[in-house]
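# what would the 3D arrangement of this be:
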Amino acid sequence: MIGFIVQRTLTAIPVLFLVSLITFGLIQLVPGDPAVVIAGQDATAAELARVREMLQLDAPWYLRLVSWYGRLLHGDLGQSFTLGRSVSDAILERAPVTFSLAVLALILTLLFGLVAGVFAALFQNSWIDSALMGFALVGVSLPNFWLGIMLIFVFAVELGWLPSGGYVGPTESVTGWLRSLILPAISLTLLQMGLLARVTRSAMIEVLRQDYVRTARAKGLPGWKVVGKHAFRNVLIPVITVIGIIFSLLLAGAVVIETVYSLPGVGRLVVSGIARRDYPVIQGSLLVIATACVLLNIVVDIAYAYVDPRVRYD
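Down below sits the predicted model:
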């Protein structure tokens, strides 16, 4: 197992290298000049040249790329052009917001997606199955930013039950923390919940048709025990794969949702960095998000061995 973990970690290095290279290349194609954003529209040519020299924007792209990788080898994501601080500090300050939002959204997704998928499979081709899969189809079809705006209008503007935006840390108030995250989490959850419900339903239907399930029922075991102990464990293999994908999508979706709800997370940091042409912030934030997704995939691979006894890593 340890050898497998080391091997998967080493294979993640080329992936992260490729992600950082693509990110750097795409940023070079983005129109706009950070020097103009920093110095202002009315800055003179001499002032703009001084800002470009200070930020090393006048250096050739390949020298900036070498400098970027040189800093990465020392764990340095660079200095922000506009925040006046290191990119690492800015990300660490905002990471708890994004992580707590993604984890809460994942919990809601697992809770409702698994239950909906199992019940739809147990009542296959009934009105319960049609209703649950219809709801899942609606969830998959709705853009999360549109859903976020609608939830704000209903629950914050019309009903006044929840705040329309902002963030309260758990150390200040646990209730306030949940209130500030519940609408953004639901906005992220509905799409992924529909995906998980459909995958769970398909996997459960296939498992319920297996001989060992019929044998368990023929022995007179209670239905809940057949489903919970014998069937559901074998459903977890495809579900775990989807959970890894879902959590990655939740992290990516946080870029939009944090902007809609004015949450001070890494996603909003990326958006503000794009608006200000803050290249180090964009590169560092995307690299951190990609690293989190890669590490999550490694955890998913390791989880296979504990869920399915047939899987072993030598």
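
# buried stuff in the helix or strand hosting residue 16?
Assigned by DSSP states H and E, residue 16 belongs to helix 2-29. Of the residues in helix 2-29, those scored as buried under the neighbour-count criterion (16 or more other CB atoms under 10 Å) are 8, 12, 19-20, 23-24, 27. (Glycine included, C-beta is placed from N, CA and C.)

# same deal with stretch 76-88?
Along stretch 76-88, the positions that meet the burial threshold by neighbour count (16+ other CB under 10 Å) are 77-83, 86-88.

# filter the residues you listed down to the ones in helices?
87-88 (DSSP state H).

# from the buried residues of stretch 76-88, pick the one nearest residue 238.
Distance to residue 238, by CB to CB, is smallest for residue 77 among the buried residues of stretch 76-88, at 36.1 Å.

# what sits against that closest one?
71, 86-88, 91, 280, 283-284, 287-288 (CB atoms under 8 Å, 6 or more residues apart in numbering).

# over to residue 98?
Contacts for residue 98 (CB under 8 Å, 6+ apart) come out as 251, 254, 258, 263, 265-267.

# compare those and tell me which is most surrounded.
Neighbour counts for the contacts of residue 98 peak at residue 266, which has 29 neighbours (criterion: other CB atoms under 10 Å).

# from residue 197, how far out is the residue nearest to that residue when sequence neighbours are not counted?
By the measure of CB to CB, 6 or more residues apart in numbering, the closest residue to residue 266 outside its immediate chain neighbours is residue 98, 4.4 Å from it. In this view, residue 98 and residue 197 are 25 Å apart by CB to CB, to the nearest Å.

# tell me which of the buried residues of stretch 76-88 is nearest to residue 168?
For residue 168, the closest of the buried residues of stretch 76-88 turns out to be residue 83, at 22.6 Å, with distances computed as CB to CB.

# if we can go back for a sec, and the buried residues of stretch 76-88 as a markdown table, adding pLDDT?
Compiled in a markdown table, these are given as follows (pLDDT from 0 to 100):
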| residue | pLDDT |
| --- | --- |
| 77 | 79 |
| 78 | 77 |
| 79 | 78 |
| 80 | 79 |
| 81 | 76 |
| 82 | 76 |
| 83 | 78 |
| 86 | 83 |
| 87 | 84 |
| 88 | 85 |
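
# filter the contacts of residue 77 down to the ones in helices?
Using DSSP H, the members of these that fall within helices are 71, 87-88, 91, 280, 283-284, 287-288.

# ranges for the helices of the protein?
Ranges of helices within the chain are 2-29, 34-39, 45-54, 61-73, 87-122, 127-141, 144-151, 174-208, 211-218, 223-225, 232-260, 266-275, 279-307, based on DSSP H.

# give me the neighbour count for the closest residue to residue 117 other than its chain neighbours.
Take residue 117 and drop its neighbours on the chain: the residue closest to it by CB to CB, 6+ apart is residue 200, 2.5 Å away. Counted by other CB under 10 Å, the residues lying close to residue 200 total 27.

# with the one 4 residues further on instead?
A count of neighbours around residue 204, defined by other CB under 10 Å, yields 24.

# what sits against it?
Listed by CB under 8 Å, 6+ apart, the contact partners of residue 204 are 117-118, 121-122, 231-232, 235.

# low-confidence bits of the stretch 51-200 of the chain, can you list those?
Flagging of the stretch 51-200 of the chain using pLDDT under 70 yields the residue ranges 51, 53-55.
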